[in-house]
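need a structure here:
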Amino acid sequence: MSDYAVKVTVKNGRILRRMRDAGIDSVAEIARRAEVSPQSLGDVINLKLSPRKPSDGQWRDVVVRMAGVLQCDPEDLFSEAQEIMALPSNSRTAYLDEPQVMALSSANMEESTWAKLEVQKLLSCLSERERRITEAIMDGATFNEATEADINGRSSVERMRQIYARSLRKMKRHAAQSDQEFAREMVMGGDQ
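Purely as a prediction, here's the structure:
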């Protein structure tokens with residue numbers, strides 16, 4: 001069963017890498033520099049508008065201007081397939097199961113390690129019992145299995161659901177408080 005809905009958005013990676021390397025943070029910024037419409041430039045980057053005119057196969061003006069700002073040839077910005085590509089939509093929702101999501105999320109080990117550390121920090125705000133139950137469920141245990149593993153031993157599956165839901169709310173509040181404290185430190189410069 002697919003428990004996760006993942007939104008996949010397709011964009012031109014070559015253009016985005018060149019923008020990043022040039023220190024350009026947004027489509028609006030490159031559109032301003034190229035003196036073109038952000039909408040038409042966005043459509044090219046999102047592969048919704050073919051970079052070549054269908055009538056004569058020439059590069060669109062928006063592409064030529066963008067390439068000028070990025071100091072490269074238009075050919076450097078598109079694969080052969082992308083030169084004639086025009087997608088009706090560049091995003092779609094894919095339904096994945098846990099191993100597929102984990103494979104996606106572990107592609108970047110640095111981010112994965114950081115996320116695990118953040119979860120461990122959030123788990124610290126829970127009682128011993130809440131933490132044990134929450135960790136078990138996060139590690140893939142069912143509510144029934146969490147009930148069997150509970151030291152108390154008298155809790156129902158419904159009680160496990162309640163404890164888990166309460167734990168998630170506590171962790172969310174703790175994360176919000178941590179974010180507020182971090183923001184306050186940034187604004188105040190650590191002088192409180």
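
quick one: least confident helix or strand in this protein?
Of all the helices and strands that make up the chain, helix 109-123 has the lowest average by mean pLDDT, DSSP states H and E, namely a mean of 64.

model confidence for the residue of the chain positioned farthest from its centre, exactly?
Distance from the centre of the chain peaks at Arg154, with 40.0 Å (C-alpha atoms, centre = their mean). Arg154 is assigned 70 on the pLDDT scale.

what does Arg131 give?
87.

any idea which element it lies in?
Using DSSP states H and E, Arg131 sits within helix 128-138.

what's that helix in contact with?
For helix 128-138, contacts defined as C-beta atoms under 8 Å, 6 or more residues apart in numbering pick out 119, 123-124, 126, 143, 145-146, 149-152, 160, 163-164, 166-168, 170-171. Where you see a C-beta, it was placed from the backbone N, CA and C, and this is true even at glycine.

hmm, try it at 10 Å
Helix 128-138 is contacted from outside by 119-120, 122-127, 141-143, 145-152, 155, 159-161, 163-164, 166-168, 170-171, using C-beta atoms under 10 Å, 6 or more residues apart in numbering.

surely the residue farthest from the centre of the chain meets Thr147?
Yes. With contact defined as C-beta atoms under 10 Å, Arg154 counts as touching Thr147 (9.2 Å).

give me the buried entries from the contacts of helix 128-138.
Among the contacts of helix 128-138, those scoring as buried are 122-123, 125-126, 141, 143, 146-147, 150, 155, 159-160, 163-164, 167-168, 170-171 (criterion: 16 or more other C-beta atoms under 10 Å).

could you chop this protein up by domain?
In terms of domains, the chain is parsed into 4-84, 108-188 (source: automatic domain parsing).

these: which one's closest to Met102?
With C-beta to C-beta, the closest approach to Met102 among the domains of the chain belongs to domain 108-188: 9.1 Å.

which residues of this structure fall in strands?
Secondary structure of the chain (DSSP state E): strands at 4-9, 91-96.

to Met66, which of those strands lies closest?
Across these, Met66 has its closest neighbour in strand 4-9 (19.5 Å, C-beta to C-beta).

that closest one to strand 91-96, inter-axis angle?
Calculated by axes from the mean of the first three to the mean of the last three C-alpha atoms, to 10 degrees, strand 4-9 forms an angle of 150 degrees with strand 91-96.

quick one: strands adjacent to strand 4-9?
Strand pairing for strand 4-9, determined by DSSP bridges: strand 91-96 (antiparallel).

hmm, who's touching the strand it pairs with?
The contact list for strand 91-96 (C-beta under 10 Å, 6+ apart) reads 1-11, 46, 100, 102-104.
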